[in-house]
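**Q** predicted model follows, preceded by the sequence.
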Amino acid sequence: MKSGIRLLVLIAMVVIVAMAIVFNWINVDEAYGSGPPYYGRTTNMDKSVDPRPVLFAVDALAMLVVCALAYLLSRRKGRNETPGNNVASR
């Protein structure tokens, strides 16, 4: 059961990192895209907003969640491996 929880936590960490990467990719591509600006990009250029502050905030939140999950994973691993419970020492 405990290995199943570890696996779920690892999968959650990978999914969070993947979602942050996709979010960054989509927003940077939309903001800076390839090629010269076309009509849709130039109509409201005076109202355009730099996407980097939002991307930094999302990345910081994703890093915080992944670090918290990694910390919980390492604590759980350390709690299960006590010296008296080792099968090889018996």
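**A** Looks like it came in fine.

**Q** in the chain, what helix or strand scores lowest on average pLDDT?
**A** Taking mean pLDDT, DSSP states H and E as the measure, the helix or strand of the chain with the lowest value is helix 39-42, at a mean of 59.

**Q** tell me what the helix or strand that it is followed by is packed against?
**A** Heading C-terminal from helix 39-42, the first helix or strand you meet, by DSSP states H and E, is helix 52-80. Contacts defined by 3 or more C-beta pairs under 8 Å, 6 or more residues apart in numbering; DSSP states H and E place helix 52-80 against helix 2-32. Where you see a C-beta, it was placed from the backbone N, CA and C, and this is true even at glycine.

**Q** now do the buried residues in the helix it packs on.
**A** Judged by neighbour count using 16 or more other C-beta atoms under 10 Å, the buried positions of helix 2-32 are 13, 16, 20, 24.

**Q** export these to CSV and tack on pLDDT and distance to Cys67?
**A** Formatted as CSV, the buried residues of helix 2-32 follow (pLDDT from 0 to 100; distance: C-beta to C-beta, whole Å):
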residue, pLDDT, distance to Cys67
Met13, 95, 10
Ile16, 96, 11
Ala20, 96, 13
Asn24, 94, 18
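
**Q** so which of the residues you listed comes closest to Arg75?
**A** Met13 (14.7 Å; C-beta to C-beta).

**Q** that closest one against Tyr71, yeah?
**A** No: under the criterion of C-beta atoms under 8 Å, Met13 lies out of contact with Tyr71, with a separation of 11.3 Å.

**Q** tell me, what residue is most central in the protein?
**A** Using C-alpha atoms, centre = their mean, the residue of the chain that lies closest to the mean C-alpha position is Val17, 2.8 Å off.

**Q** related to what we said a few turns ago, of the buried residues of helix 2-32, which is the nearest to Val49?
**A** Distance from Val49 was checked for each of the buried residues of helix 2-32 by C-beta to C-beta. The minimum falls on Asn24, at 15.7 Å.

**Q** any stretches of this protein with poor pLDDT?
**A** Across the chain, the ranges flagged by pLDDT under 70 are 1, 35-45, 76-90.
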